[in-house]
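S.K.: what's the 3D shape of this:
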Amino acid sequence: MSSSRHDHTLPPARVEEVSDGVYAYIQPDGSWWINNTGFLAGRRGVISIDACSTERRTLAYREAIRSVTDRPVTTLVNTHHHGDHTFGNFAFPEATVVGHEQTRELILAEGIPDYRTMAWTEVDWGDLEARPPFLTYTEGVTVYSDDLRCEVRHLGVAAHTTNDSIVWIPERRLLFSGDLLFNGGTPFVLMGSVRGSLQVLDELEALGARTIVPGHGGVCGPGVIDRVRGYLRFVLETAERGREAGLSPLETARETDLGEYGELLDPERIVGNLHRAYAELGGLPPGEPIDVVTAVLEMIEFNGGRPLTCLA
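M.R.: Next up is the predicted model:
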């Protein structure tokens, strides 16, 4: 089984103006370590939402911003601590990096971790340097691009991770979801919670967003929420059946027909998601640490022993 669906060379990243002065930076194909970012171009400066995973990709993102505005990047908001969204923080030395308190804690604890080279095909990461948020919050903070209000919110429960934040622009009904939403890729909750993610999806749906920039995949509408919800319910139901049958997460994954979800990028994430679901069904609270290394190694085993495909 292939860990992704690559039948052609990846197209270049692109800038999409999703609302007046608000841009999404979309990096195809949205698979492992290939994330989306975005930025708001104001009269006095730029607010960036996330960075990229490698030095090369982040520098290309900076050039994309320059193609739109010559204003400096004054603020960089991290939606969570994962390296595809934060490794490139260092390439914005002029910016105040903003993130959840746990985002700062985890970046300080992990640095630039070795796990990025453990499981994936070879990547030119560049000369990375860990740079955690300088300004932190517990529930949220409001930032303004000129007069445009942008609400940075932690939704209060473990979902994709323990420290996920969204950027919600109510005047435009525009949502930057971070990795709470994947469009065309397999959702991933190994470091968060299946049930917590389902709760968060209800809260995202209640916002009434018209336009969503997901953490991975193309700009989309609110229909993506229900697609992610369907997958996570599938994971929970599959875990319940597997536990009742006395199977391990890997054994359950191997006996499961992914059906429509098998066409999503990186389908081997079913193994990691089942590890989290098993832990929750066994009584572990959302977001509590589990053996991530074992889960990742079993994703490789599910992938026929081959490293997971990463084209970052």
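S.K.: Give me the neighbour count for the closest residue to Pro113 other than its chain neighbours.
M.R.: Distance criterion C-beta to C-beta, 6 or more residues apart in numbering; nearest residue to Pro113, sequence neighbours excluded, is Gly83 at 7.3 Å. Every C-beta, even on glycine, is put in place using the N, C-alpha and C of the backbone. The number of residues packed near Gly83 is 25, by other C-beta atoms under 10 Å.
S.K.: what sits against Gly83?
M.R.: The contact partners of Gly83, taken as C-beta atoms under 8 Å, 6 or more residues apart in numbering, are 33, 53, 112-113, 116.
S.K.: Can you flag the buried ones in these?
M.R.: Among those, those scoring as buried are 33, 53, 116 (criterion: 16 or more other C-beta atoms under 10 Å).
S.K.: I'd say the last one and Trp125 touch.
M.R.: Put plainly, it is Arg116. Yes: taking C-beta atoms under 8 Å as the definition, Arg116 is a contact partner of Trp125 at 6.7 Å.
S.K.: Pull out the buried positions in the helix or strand of the chain with the lowest mean pLDDT.
M.R.: In the chain, the helix or strand scored least confidently by mean pLDDT, DSSP states H and E is helix 115-118, which has a mean of 85. By 16+ other C-beta under 10 Å, the buried positions in helix 115-118 come out as Arg116.
S.K.: so how far is that helix from its chain's centroid?
M.R.: Distance, stretch centre to chain centre, for helix 115-118: 17 Å (C-alpha atoms, centre = their mean, to the nearest Å).
S.K.: just the CA coordinates of that helix, formatted as PDB?
M.R.: Taking C-alpha atoms only, helix 115-118 is exported to PDB below (Å, rounded to 0.1, in the frame of the first residue of the first chain):
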ATOM      1  CA  TYR A 115      11.400  11.900  14.400                       C
ATOM      2  CA  ARG A 116      11.200  13.900  11.200                       C
ATOM      3  CA  THR A 117      13.900  11.600   9.800                       C
ATOM      4  CA  MET A 118      12.700   8.400  11.400                       C
END
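S.K.: Each with direction, which strands does the helix or strand that comes right after that helix pair with?
M.R.: Using DSSP states H and E, the helix or strand that follows helix 115-118 towards the C-terminus is strand 135-137. For strand 135-137, sheet partners with direction are given as strand 96-100 (parallel), following DSSP bridges.
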